[in-house]
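> Below are the sequence and a predicted model; questions follow.
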Amino acid sequence: MKHRIVAFILGAAALVAPALAQPSPSPLPLPSPVEKELAARAANVTEVTLGKGMLDFAAKFMDSNDKDQAAAKQLIEGLDGIYVRSYEFDKEGQYSMGEIDKLRQAFATPEWSPMVHEHESKSGESTEVMMKMVNGEPHGIFVLAAEPKELTIVLILGPIRMDQLSELKGIGGLGGVMGPAGPLGPTGPLGGVQHAPHGDGKDKGKTAKGGDQ
Amino acid sequence: MNRHFWIPLGCAALYIAVIVPWVALAAGGGGGFDGVVNSIESRYHQHAMRIPLMGLASVVAGVATRGGVDGVHVAEFEHFSAPVDGEELDRLVEEKLGQGWERMIRETSRHGGEQTLIFSHPEGNRMGLFVVDLDGQEMDVVQVSVDANRLNETILKYKHRDGDENASD
């Protein structure tokens, strides 16, 4: 009788095993329901999720003998993940400030410091940059760029050298953020904090903090 | 051990080895490349065109790249006219690929009929890549296993050869 029970259990296990093989949840440390709601309303959605394994894999294709590629390789190999979410909407007002707040709340921890908050009331565009500081070193960066019909979220986790960030512009979805005029580009808000003082006073509502270094 | 033990155990083993895969396949199941293609066919009532001699092409690719590229599978849906919900397609592919596959890129356009899904799966030194791309009325499903080190060696070999030729010109 005992052996029949064993056989029965084996058979039952065979039936249950496929049901247990469910896909793993999104690794992006953002509130997943917000992501899904935004994606459901957006006309165009771009999601890039590069975990450590994929970044290590991508780094293998970079030529260590090439100066530029070697710098990008060094940066990528140290990172824990790059996550990009871009939502384009048909009409204005298809995302709410409540949703933006929910996205922000995920980073309302002592480790994360607001670096840049820029808002242009005329165009309705706003950019926020937050940085994760560990022992005075940047270990993560979060960018939220909101336009009336477009929302872009970039999260980079792992030790970051600010001077090498622009090397990531070749990675899908990061071109706009790391490009010359992007929030992390050389002339963007954070680029300005790092490399050159803002002094023109053209952008109203812009604040830039140095974090808790 | 008497036969009272072996008979039920043998039945259970036979059940696992034969019946479960058969039922799964009959239900449009089965994982991996064929599972995804079969599910797309049955869900959207489209027929995929398998590329002839793909197995041979995969072997040739493996030899040419010294194992850099292996396990190539390609299926093509021409005249794909069914409307596709990006969320549903993503869910279907994720379910059929099963555990271990992570979505790396998802690009979906509600109006333009464009959907791109790229999944990755670490396989030791190799990386499995699975691509589903719908562009207008054509959908391509591709699976490939890549050894980055070996493929990079091949790429660099041709790069250097190109460089030498340009230098000599």
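Cool, got the structure. This structure is a prediction, so every number in the text was calculated from the model and none was measured.
> C-alpha only now, for contacts and for neighbours.
Will do.
> so who does the residue most central in space within chain B touch?
Closest residue to the average C-alpha location of chain B: B:Gln143 at 3.1 Å, with C-alpha atoms, centre = their mean. By C-alpha atoms under 8 Å, 6 or more residues apart in numbering or on different chains, the contact set of B:Gln143 is B:33, B:71-74, B:128-131.
> which one among those gets closest to A:Ser121?
B:Val131 (41.3 Å; C-alpha to C-alpha).
> can I assume the closest one sits in a helix?
No. Under DSSP: H, G, I helix; E, B strand; the rest coil, B:Val131 sits outside any helix and is assigned strand.
> Which phi and psi values does A:Gly136 adopt?
Note on A:Gly136: its backbone torsions stand at phi 80, psi 0 [degrees, to the nearest 10].
> Next one: it from chain B, what distance?
Counting by C-alpha to the nearest C-alpha, to the nearest Å, the gap from A:Gly136 to chain B is 31 Å.
> Could you check how many residues crowd around that residue?
If you count neighbours by other C-alpha atoms under 10 Å in any protein chain shown, A:Gly136 ends up with 10.
> need the strands for the chain, in chain order.
Just going to use chain A. Under the criterion DSSP state E, strands of chain A are mapped to A:44-51, A:81-88, A:112-120, A:125-134, A:137-147, A:150-157, A:207-208.
> Switch to chain B, please.
Under DSSP E, chain B gives strands at B:49-50, B:69-77, B:102-109, B:114-123, B:126-135, B:138-147.
> Measure how the fifth one sits relative to strand B:138-147, angle-wise.
Following axes from the mean of the first three to the mean of the last three C-alpha atoms, to 10 degrees, one obtains 170 degrees for the angle between strand B:126-135 and strand B:138-147.
> could you dump strand B:126-135 to CSV, C-alpha only?
C-alpha atoms of strand B:126-135 as CSV (Å, rounded to 0.1, in the frame of the first residue of the first chain):
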residue,chain,number,x,y,z
ARG,B,126,26.2,30.8,-23.3
MET,B,127,23.2,33.1,-23.4
GLY,B,128,20.0,31.9,-25.0
LEU,B,129,18.1,34.7,-26.8
PHE,B,130,14.5,34.5,-27.9
VAL,B,131,13.0,37.2,-30.2
VAL,B,132,9.4,37.7,-31.3
ASP,B,133,9.0,40.6,-33.7
LEU,B,134,5.9,41.7,-35.4
ASP,B,135,6.3,44.5,-37.9
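> quick one: low-confidence ranges for chain A?
Confidence mapping of chain A against pLDDT under 70 gives the ranges A:1-31, A:164-213.
> mind redoing it with 80?
Chain A contains residues with pLDDT under 80 at A:1-32, A:63-68, A:161-213.
> Would you map the helices across it?
Assigned by DSSP state H, the helices in chain A fall at A:2-20, A:32-41, A:52-59, A:67-78, A:97-105, A:175-178, A:189-195.
> returning to what we had before: can you pick the most crowded of the contacts of B:Gln143?
B:Phe130 (26 neighbours).
> just to revisit the earlier point, if we check chain A, which of the contacts of B:Gln143 are in contact?
Of the entries in the contacts of B:Gln143, none also sits close to chain A under the rule C-alpha under 8 Å from any C-alpha of the partner chain.
> In TSV, list these along with pLDDT and distance to B:Glu95.
As requested, the contacts of B:Gln143 are exported to TSV (pLDDT from 0 to 100; distance: C-alpha to C-alpha, whole Å):
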residue	pLDDT	distance to B:Glu95
B:Phe33	92	12
B:Gly71	90	21
B:Val72	92	21
B:His73	93	19
B:Val74	94	19
B:Gly128	93	16
B:Leu129	94	16
B:Phe130	96	13
B:Val131	97	15
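> Return the closest of those with respect to A:His119.
Nearest to A:His119 among the contacts of B:Gln143 is B:Val131, at 38.5 Å by C-alpha to C-alpha.
> tell me which residues form a beta bridge with the nearest residue to the closest one once chain neighbours are set aside?
The shortest distance from B:Val131 to any non-neighbouring residue, by C-alpha to C-alpha, 6 or more residues apart in numbering or on different chains, is to B:Ile118 (4.6 Å). Taking DSSP bridges as the rule, B:Ile118 bridges to B:Ile105, B:Val131.
> Next up, the contacts around B:Ile118.
B:Ile118 touches B:103-106, B:129-132, counting by C-alpha under 8 Å, 6+ apart.
> Which members of these define the maximum pairwise distance?
Greatest spacing in the contacts of B:Ile118, by C-alpha to C-alpha: B:Arg106 and B:Leu129 (13.4 Å).
> that older thread, relative to B:Gly86, tell me which of the strands of chain A wins on proximity.
strand A:44-51 (9.3 Å).
> and among the strands of chain B, the most buried is which?
For those, the largest average neighbour count (mean count of other C-alpha atoms under 10 Å in any protein chain shown) is found in strand B:102-109, namely a mean of 22.
> and it, what other elements does it pack with?
When contacts are defined as 3 or more C-alpha pairs under 8 Å, 6 or more residues apart in numbering or on different chains; DSSP states H and E, strand B:102-109 packs onto strand A:44-51, helix B:86-97, strand B:114-123.
> can you put those in JSON lines and add distance to B:Phe80?
Formatted as JSON lines, the helices and strands packed on strand B:102-109 follow (distance: least, C-alpha to C-alpha, whole Å):
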{"stretch": "strand A:44-51", "distance to B:Phe80": "20"}
{"stretch": "helix B:86-97", "distance to B:Phe80": "14"}
{"stretch": "strand B:114-123", "distance to B:Phe80": "11"}
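> So which of the ones you listed is nearest B:Leu56?
Per C-alpha to C-alpha, nearest to B:Leu56 of those: strand B:114-123, 22.2 Å.
> by how many degrees do the closest one and strand A:44-51 diverge?
Interaxial angle, strand B:114-123 versus strand A:44-51 (the same axes, to 10 degrees): 10 degrees.
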